[in-house]
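1. What follows is a predicted structure for the sequence shown.
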Amino acid sequence: MSRQFIIHWPDVSVDYAHWVYAGERGELDGDVESGTLSEAATDIEGRRATLVLGGDSVLLSEAHVPGGSASRAVAVARYALEEQLADDVDELHFALGQKRDGDMYPVAIIDRDTMDQVTESCQDAGLRPTEIVPETLALPVPERAQGDDPGGKVRRWTALVDADHAVVRLNGFKGFVTDLDMVGLMLQGAREDLGDDVEAQITVYETGDAATLDVPPGLDVQHKRCDERLGLFATGLANAPRINLLQGEYSPRTQLDKSLKPWRWTAVLAAVLFAVFMGSRWLDLRKLSAEEAALDVAIEESFKVALPNARMQRPRRQIEDALQRLGQGGSDGFTANMAAIVDSIAAQSQTTLNSLTLRGERFDLDLMTDAVPSLDALASDLAQRSSLTLEVQSANREDDGVRARVRVQ
């Protein structure tokens, strides 16, 4: 047993328990505390805990499961023990221990209503025990007495006696809780079941107010003082086999599934809404990606027109640098050059501008004029207005005059 809290809840109808922290070997670490389950949960603060229930609410038995199939052991045990139980098996919870020789399973049986009350009370208090064990199986037994004695001649039992009742653990996983006036009779019956060739020994732990135990003849008795029953339970839980009632539908995993079940449809709806949201975001992203691709193409085409001989790397910066270069040099700058070209063309009434293209630091003009001499006049006027020179690239006669392509730089 690892370090953990031991909680003793003797009467499930009363919200009052005792608890203490115990070490790996069953030694107590601190004082025993008492109070409600909520107070216990606050003190424990989520640490590992074993809840020990009053043994009178749990019946211990055993069942033979042919073939030893663990998957169907509970169902077979219910069927095998049905005739021995006064209550309807559907109203009972069956928990099994580890399989023993001969395909025998120890069984702990508790009323389902009681088990529901225990688990619901723990949940309401914020208590999450890892094990729930009857106090009969929390009692210690000598190491060699865990199960039948190897020689088959000695059975060693344990009893805890106080002023009102006795908790008895027989060999293996058997045991009972009864009033003091009945304990002698029940011990006698257990002794007779062993036969005359088997020796029976019982260690009786007595609390401070313990009454005298009526022990039948033929039973070897050893009396010991018990100052704290939680210390006795801690020793038993550290060294003796036991049955955890948190099985089947009461296992922590099953309880978690029950808690989450009402939220499953909410989770499904949330998942659907999330999928729709992510789908719409993906469509938006795809649309933006397409728009970005189209914008990149447009930028590339515009860059080729503006700077046909340049390699596009950082288009915005490159265009800004080109404009800055064109704008430098006062009257020789871009603005002054454009003004000179426009003014010279305007001074030649017979000449009109069809288009103008900027290529680096030169201007390519497409002109329409009446005759070639008019181009010479335009070159002369431009030279007077600026430092630019005009070079005729081509001149072709058309119906309305001469169409010329000139370069100004």
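-> Thanks, I have it.
2. Pull up the gap between Thr119 and Ala125, please.
-> Distance, Thr119 to Ala125, using C-beta to C-beta, to the nearest Å: 11 Å. The way it works is simple: take the backbone N, C-alpha and C, and place the C-beta from them, glycine included.
3. Check Thr136 too.
-> In terms of C-beta to C-beta, Thr136 sits 24 Å off from Ala125.
4. same question, Gly401
-> From Gly401 to Ala125 the distance is 106 Å (C-beta to C-beta).
5. Next, the closest residue to Asp31 other than its chain neighbours: phi, psi?
-> With sequence-adjacent residues excluded and distances taken as C-beta to C-beta, 6 or more residues apart in numbering, Asp31 is closest to Val20, at 7.1 Å. For Val20, the backbone dihedrals (degrees, to the nearest 10) come out as phi -160, psi 150.
6. and Thr136 and Ala125? which has more neighbours close in?
-> Thr136 (29 against 17; other C-beta atoms under 10 Å).
7. What residues does the residue nearest to Asp31 make contact with?
-> Phe5, Ile6, Leu28, Asp29, Gly30, Asp31, Val32, Glu33, Glu228, Leu230, Gly231, Ala234 (C-beta atoms under 8 Å, 6 or more residues apart in numbering).
8. Could you do Asp15 as well?
-> Thr36, Leu37, Ser121.
9. List the contacts of Tyr16.
-> Tyr16 makes contact with Trp9, Ser34, Gly35, Thr36 under the criterion C-beta under 8 Å, 6+ apart.
10. what's the answer for Asp124, then?
-> Asp124 touches Leu37, counting by C-beta under 8 Å, 6+ apart.
11. With just CA atoms, put the one helix or strand it maps to into PDB.
-> Asp124 belongs to helix 112-125 when assigned by DSSP states H and E. Output of helix 112-125 as PDB, limited to C-alpha atoms (Å, rounded to 0.1, in the frame of the first residue of the first chain):
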ATOM      1  CA  ARG A 112     -27.100  -1.300  -4.600                       C
ATOM      2  CA  ASP A 113     -29.100   1.400  -2.800                       C
ATOM      3  CA  THR A 114     -26.400   1.500  -0.100                       C
ATOM      4  CA  MET A 115     -23.600   1.600  -2.700                       C
ATOM      5  CA  ASP A 116     -25.400   4.500  -4.500                       C
ATOM      6  CA  GLN A 117     -25.700   6.300  -1.300                       C
ATOM      7  CA  VAL A 118     -22.000   5.900  -0.500                       C
ATOM      8  CA  THR A 119     -20.800   7.000  -3.900                       C
ATOM      9  CA  GLU A 120     -23.300   9.900  -4.200                       C
ATOM     10  CA  SER A 121     -22.400  11.100  -0.600                       C
ATOM     11  CA  CYS A 122     -18.700  11.000  -1.500                       C
ATOM     12  CA  GLN A 123     -19.300  12.900  -4.700                       C
ATOM     13  CA  ASP A 124     -21.400  15.600  -3.000                       C
ATOM     14  CA  ALA A 125     -18.600  16.000  -0.400                       C
END
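12. Check which helices and strands whichever helix or strand comes after that helix sits against.
-> Counting by DSSP H and E, the next helix or strand C-terminal to helix 112-125 is strand 131-134. With contacts taken as 3 or more C-beta pairs under 8 Å, 6 or more residues apart in numbering; DSSP states H and E, strand 131-134 sits against strand 49-53.
13. now the strand it packs on: mean pLDDT?
-> Averaging pLDDT along strand 49-53 gives 96.
14. who touches the helix or strand that it is followed by?
-> For strand 49-53, the following helix or strand on the C-terminal side (DSSP H and E) is strand 58-64. Strand 58-64 is contacted from outside by 73, 76-77, 80-81, 84-85, 100, 102-110, 134, 136-137, 173-176, 245, using C-beta under 8 Å, 6+ apart.
15. repeat that for 7 Å
-> 76-77, 80-81, 103-110, 134, 136, 173-175 (C-beta atoms under 7 Å, 6 or more residues apart in numbering).
16. Those in helices, which ones?
-> Those of the contacts of strand 58-64 mapping onto helices are Val76, Ala77, Ala80, Leu81, per DSSP state H.
17. Among the residues you listed, which one has the most neighbours?
-> In the ones in helices among the contacts of strand 58-64, the most neighbours by other C-beta under 10 Å go to Ala77, 23 neighbours.
18. Tell me the spacing between the nearest residue to that one once chain neighbours are set aside and Asn171.
-> Among residues not flanking Ala77 along the chain, Ala63 sits closest, at 3.8 Å (C-beta to C-beta, 6+ apart). Remark: distance between Ala63 and Asn171 (C-beta to C-beta) = 17 Å.
19. Over to Met368?
-> Noted for Met368: a distance of 123 Å to Asn171, by C-beta to C-beta.
20. do the same with Ala270
-> 55 Å.
21. And for Ile243?
-> Distance, Ile243 to Asn171, using C-beta to C-beta: 15 Å.
22. mind showing which ranges of the stretch 1-150 of the chain have poor pLDDT?
-> In the predicted model of the stretch 1-150 of the chain, residues 1, 68-71, 142-150 satisfy pLDDT under 70.
23. coming back round to it: most neighbours out of the contacts of Tyr16, which is it?
-> Counting by other C-beta under 10 Å, top hit in the contacts of Tyr16: Trp9 with 24 neighbours.
24. Not counting residues beside it along the chain, what's closest to it?
-> With C-beta to C-beta, 6+ apart, the residue lying closest to Trp9 is Ala17, at 4.3 Å.
25. contacting residues for the one you found?
-> Residues near Ala17 by C-beta under 7 Å, 6+ apart: Ile7, His8, Trp9, Leu37, Ala40.
26. Nearest residue to the fourth one in space, please, no chain neighbours.
-> Beyond its immediate neighbours in the sequence, the residue positioned closest to Leu37 (C-beta to C-beta, 6+ apart) is Ala125, lying 3.7 Å away.
27. Surely Glu192 is in a helix?
-> Yes: counting by DSSP: H, G, I helix; E, B strand; the rest coil, Glu192 is found in a helix.
28. Okay, it and Val198: tell me how far apart.
-> Distance from Glu192 to Val198, by C-beta to C-beta: 11 Å.
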